[in-house]
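Undergrad: I'd like to go over a predicted model; first the sequence, then the structure.
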Amino acid sequence: MTHGIIFEPDPAWRPLLESALASLYWTVASADSLAEVAGFLPGPWAAVLAIEAGDVVAREDIRALRKAAPGTVLCVLVDELAPDFDRQLHVAGVDAVFAKPVQENEIVEALVEGFMTRRG
């Protein structure tokens, strides 16, 4: 079983995200696109998704991911915080939004909180 999916186009950020999920003793798979993430769903407990702030197409893709996997924790990593867009992401169904640079412990805390909330 794959516990977490990571979509991060920037190879410099992948190790941090992989480490965050590995610290939970989760098995991890990487995806090269949001469409590839969709191919893993439903199933994984969480997905960490990197997108550009203001990317409306990505927001709609995330809305579709939420619909396909209502029990999966969705955390989004953006290049910069944009309060209006961040709110739109939450409405689309994400559990947490982070801006780069982010610390591993922030990701872990959000994953655990989202997992506990979604698993009730």
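TA: Great, that's in hand. Numbers count the residues shown, from 1 in each chain.

Undergrad: When you work out contacts or count neighbours from here on, use the C-alpha atoms and nothing else.
TA: Fine.

Undergrad: center of the chain, which residue is that?
TA: Central residue check for the chain by Cα atoms, centre = their mean: the C-alpha nearest the mean position is that of Val48, 2.3 Å away.

Undergrad: my guess is it meets Ile6, correct?
TA: Yes - here Val48 reaches Ile6: they are 4.9 Å apart, a contact under Cα atoms under 8 Å.

Undergrad: Now do the shared contacts for the two.
TA: Residues touching both Val48 and Ile6 by Cα atoms under 8 Å, 6 or more residues apart in numbering: Leu17.

Undergrad: Doesn't the residue nearest to the centre of the chain lie inside a strand?
TA: Yes - assigned with DSSP: H, G, I helix; E, B strand; the rest coil, Val48 falls within a strand.

Undergrad: confidence score at it?
TA: You'll see Val48 listed with a pLDDT of 97.

Undergrad: Also Asp95?
TA: pLDDT at Asp95 comes out at 94.

Undergrad: That one - how many residues pack around it?
TA: Residues lying near Asp95 (other Cα atoms under 10 Å) number 21.

Undergrad: ok, now Met116?
TA: For Met116, the count of nearby residues is 11 (other Cα under 10 Å).

Undergrad: Now the strand or helix carrying it: buried residues?
TA: According to DSSP states H and E, Met116 maps onto helix 104-119. For helix 104-119, burial by neighbour count (16 or more other Cα atoms under 10 Å) applies to Ile107, Val108, Ala110, Leu111, Gly114, Phe115.
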